[in-house]
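Student: got a predicted structure plus its sequence, pasted below:
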Amino acid sequence: EAQVTQNPRYLITVTGKKLTVTCSQNMNHEYMSWYRQDPGLGLRQIYYSMNVEVTDKGDVPEGYKVSRKEKRNFPLILESPSPNQTSLYFCASSFLDRGRETQYFGPGTRLLVL
Amino acid sequence: SQQGEEDPQALSIQEGENATMNCSYKTSINNLQWYRQNSGRGLVHLILIRSNEREKHSGRLRVTLDTSKKSSSLLITASRAADTASYFCATDSVDSNYQLIWGAGTKLIIKP
């Protein structure tokens, strides 16, 4: 089954404790992206990647890191989480070529930073 | 940066009625996409309309695009309780490098 998986789905942590949210897709997509969703603000892009070893900042990259060592995986790293990073996070992936650019979303990771 | 703006922010209608949501954007686009999100879950792609298209249908969904007004509308006909969700438009701007720019969404409630 074609899917984007994220882990964990729920996470409660404390300020400053490094964490990683994993994202994996099995559709051989070149493009992967991380978003955060906050009430009334819609989806805001954190980082995206157009292929292995190619990453770029989105609209709200501060406080986050990503890596793309393999095509299927795109982990999101919070080196020192802060309460303003409490949010719902989504990973998404798609092909890059025009005509197949529909994004597929993971189920989301709900993060609470105390 | 937020480009798409949905209107209305919330919409509550009776089952069986039609629901119309609008999206406005600011810059030239390659395509505009509509997604649905059930409460707290991942987004699901509904339909994509390209800049050279004016109207597109998929089942009970009808999407229009007016590039001169930089706006799009999503019509859901004969609504069902299962259509209750938030609906988002996302634009793929000409100069965006494959980034989608998202609106804040329309929350649709279908009353039985």
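Tutor: Cool, the structure landed.

Student: what does chain A have sitting close to chain B?
Tutor: Within chain A, the positions adjacent to chain B are A:4, A:31, A:33, A:35, A:40-45, A:48, A:50, A:56, A:58-59, A:88, A:90, A:92, A:96, A:98, A:101-108, A:110 by Cβ under 8 Å from any Cβ of the partner chain. Any C-beta I mention is one placed from the backbone N, CA and C, and that applies to glycine too.

Student: ok, residue 91 - contacts?
Tutor: No chain specified, so I'll use chain A. Going by Cβ atoms under 8 Å, 6 or more residues apart in numbering or on different chains, residue A:91 touches A:4, A:6, A:21, A:23, A:25, A:32-35, A:74, A:76, A:105-106.

Student: should've been chain B
Tutor: Counted by Cβ under 8 Å, 6+ apart, residue B:91 has contacts B:3, B:4, B:25, B:27, B:29, B:31, B:32, B:33, B:100, B:101.

Student: same question, residue A:95
Tutor: By Cβ under 8 Å, 6+ apart, residue A:95 lies in contact with A:29, A:30, A:31, A:101.

Student: want to throw those residues into JSON lines with distance to residue B:14?
Tutor: JSON lines is the format used below for the contacts of residue A:95 (distance: Cβ to Cβ, whole Å):
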{"residue": "A:29", "distance to residue B:14": "40"}
{"residue": "A:30", "distance to residue B:14": "44"}
{"residue": "A:31", "distance to residue B:14": "40"}
{"residue": "A:101", "distance to residue B:14": "36"}
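
Student: which one of those sits closest to residue B:8?
Tutor: Nearest to residue B:8 among the contacts of residue A:95 is residue A:101, at 27.8 Å by Cβ to Cβ.

Student: excluding its backbone neighbours, what's nearest the closest one?
Tutor: residue A:94 (5.3 Å; Cβ to Cβ, 6 or more residues apart in numbering or on different chains).

Student: then residue A:55?
Tutor: Leaving out its chain neighbours, the residue that sits closest to residue A:55 by Cβ to Cβ, 6+ apart is residue A:49, at 4.6 Å.

Student: need the strands for chain B, in chain order.
Tutor: B:5-7, B:10-14, B:19-24, B:29-37, B:43-50, B:55-58, B:61-66, B:71-76, B:85-93, B:100-102, B:106-111 (DSSP state E).

Student: so what strands line up beside the second one?
Tutor: When pairs are called by DSSP bridges, strand B:10-14 turns out to pair with strand B:106-111 (parallel).

Student: what sits up against the partner strand?
Tutor: Contacts of strand B:106-111 (Cβ under 8 Å, 6+ apart): B:6-15, B:19, B:21, B:76, B:79-88.

Student: going through those residues, which ones are buried?
Tutor: Taking 16 or more other Cβ atoms under 10 Å in any protein chain shown as the criterion, what is buried in the contacts of strand B:106-111 is B:6, B:11, B:13, B:19, B:21, B:76, B:79, B:83-88.

Student: dump the residues you listed to CSV, plus pLDDT.
Tutor: Shown next, in CSV, are the buried ones among the contacts of strand B:106-111 (pLDDT from 0 to 100):
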residue, pLDDT
B:6, 83
B:11, 95
B:13, 96
B:19, 97
B:21, 96
B:76, 98
B:79, 97
B:83, 97
B:84, 97
B:85, 97
B:86, 95
B:87, 96
B:88, 94
